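In: Build me a model:
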Amino acid sequence: MKKVDSKRDFIQELSVINKNKFTLQQTKSLYLGLLYELVSSREVFLKNKDLEEFLITVFKRKYNSYLFKARPYLASRLLKDVSKEYDSFKISASIKLIILYLQEKDSNEHNSVSKEKKSSNNLEDDVIGWFNSVRKGSNGN
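Out: All right, here's what the predicted structure looks like:
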């Protein structure tokens, strides 16, 4: 499997796992590997606090703070719990939840980026307007 980097890549890979007819063991192996990459990804979860929100939202799990100090510890603990408790239906359901979570976060980031662009354009317009008014005032004197 190729290295997955962005939220969209994770969404695509998770969709492939959910749509294809793999055996339970294959599905579980692919899912656990992708889940490890997702938890380890600093592109998707920049801060460990973001991971805590993700785990509570998707897996309904709250882990001790010491696990959030090192992502490999956190990922291995999550994978251990998921591996023990999840069957094919729970895996499929959690894949859907992860996809929804990532899509929501992606759209929120996209909206905040467009808001930042709008606000920076407004700021630029304000600065240009101020500069033009100052320039007009200095030419008239």
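
In: just the helices in the chain please.
Out: Counting by DSSP state H, one finds helices in the chain at the ranges 7-19, 24-40, 48-54, 71-85, 88-140.

In: Identify each buried residue in stretch 64-83, please.
Out: Neighbour-count burial for stretch 64-83, with 16 or more other C-beta atoms under 10 Å as criterion, is recorded at L67, F68, R71, L74, A75, R77, L78, L79, V82. No exception for glycine: its C-beta is placed from N, CA and C like everyone else's.

In: Any figure for the gap between the third one and S41?
Out: Think R71. 9 Å (C-beta to C-beta, to the nearest Å).

In: Make sure L34 is actually in contact with Q12.
Out: No. With contacts counted by C-beta atoms under 8 Å, L34 stays clear of Q12, the gap being 10.7 Å.

In: Neighbour count: these two, which is higher?
Out: Neighbours per residue (other C-beta atoms under 10 Å) separate L34 from Q12, with L34 holding more: 20 against 12.

In: pLDDT at the nearest residue to that one once chain neighbours are set aside, what is it?
Out: Sequence neighbours aside, E13 is the residue nearest to L34 in space, at 5.6 Å (criterion: C-beta to C-beta, 6 or more residues apart in numbering). What the model reports as pLDDT for E13 is 91.

In: Tell me, how many residues neighbour E13?
Out: Residues lying near E13 (other C-beta under 10 Å) number 20.

In: Also L14?
Out: Neighbours of L14 (other C-beta under 10 Å): 22.

In: now the one 4 residues further on
Out: With neighbours defined by other C-beta under 10 Å, the count for N18 comes to 18.

In: measure it to N64 for me?
Out: 31 Å.

In: quick revisit: possible to save the buried residues of stretch 64-83 as TSV with distance to Q26 and pLDDT?
Out: TSV is the format used below for those (distance: C-beta to C-beta, whole Å; pLDDT from 0 to 100):
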residue	distance to Q26	pLDDT
L67	28	92
F68	30	92
R71	25	93
L74	25	95
A75	20	95
R77	23	96
L78	20	96
L79	16	96
V82	16	94
